[in-house]
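Visitor: Kindly return the folded structure for what I paste below:
(one chain, ligands or ions: 1)
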Amino acid sequence: MLRTVLTVVFLLTGFAGCQAGDAKKGEDVAIEHCRRCHVIPGQNNMGIGITPSFKAMVQSRADDWRHKFEVFYALRPHPSFVIIQEFRTTPEFPLGITPVIIAVDDLGHLMAYVDKLALDLRK
Ligand code: HEC
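Guide: Predicted structure coming up:
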């Protein structure tokens, strides 16, 4: 319940409180935390199962691809293993999976990184 309230508050306020992101830091976050399952350009060639690659996502023709990155932690399957530090929530971990623990600022950096990827890859 608390998680839902915090998520809604965060979604409504968006990134207003965040500093402009740093794409390099965002890439580091993606390498450290997303590469486990997603294919990250220039990093790995294989992801896990049906997990979409970052390239495919930023090249998507759907207009909501960027929004999906902004709220990825609230989209399945992420809520079961992502902790945003400032929210201090405890997800129900599936057995044997290490949680992804990131800070709100990292979300801004991730957005700067995917914006840069989109610039490079959406041609
Ligand atoms: C444990 C595996 C795992 C990790 C780690 C992971 N993801 Fe995902 N992600 C998935 C899977 C599986 C899907 C596909 C979900 C679907 O299509 O229903 C997905 C989908 C997405 C989507 C698209 C969501 C949608 O509904 O279309 C975004 C955006 C995303 N991930 C971002 C990230 C970011 C950013 C990170 C790192 C901070 C990350 N993911 C870490 C497994 C993971």
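
Visitor: Return the set of buried residues in the longest helix along the chain.
Guide: The helix that spans the most residues within the chain, counting by DSSP state H, is helix 104-121. Going by neighbour count (16 or more other Cβ atoms under 10 Å), the buried part of helix 104-121 is 105-118. Just so you know, the C-beta spots here come from the backbone N, C-alpha and C atoms, and that holds for glycine as well.

Visitor: Stretch 22-31 now?
Guide: Quick answer for stretch 22-31 (16+ other Cβ under 10 Å): D22, A23, K25, G26, E27, V29, A30.

Visitor: out of these, what pair is the most spread apart?
Guide: Farthest-apart pair in these is D22 and A30; separation 12.5 Å (Cβ to Cβ).

Visitor: Please identify the residues of the protein in proximity to the ligand?
Guide: The chain comes close to the ligand at residues 30, 33-34, 36-38, 48, 51-52, 57, 68-69, 72, 75-78, 81, 100, 110, as judged by Cβ under 6 Å from any ligand atom.

Visitor: For the longest helix of the chain, name the packing helices and strands.
Guide: helix 23-29, helix 54-58, helix 65-70 (3 or more Cβ pairs under 8 Å, 6 or more residues apart in numbering; DSSP states H and E).

Visitor: Put together JSON lines for those, with mean pLDDT on each row.
Guide: Listed next are the helices and strands packed on helix 104-121 as JSON lines, based on pLDDT from 0 to 100:
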{"stretch": "helix 23-29", "mean pLDDT": "97"}
{"stretch": "helix 54-58", "mean pLDDT": "97"}
{"stretch": "helix 65-70", "mean pLDDT": "96"}
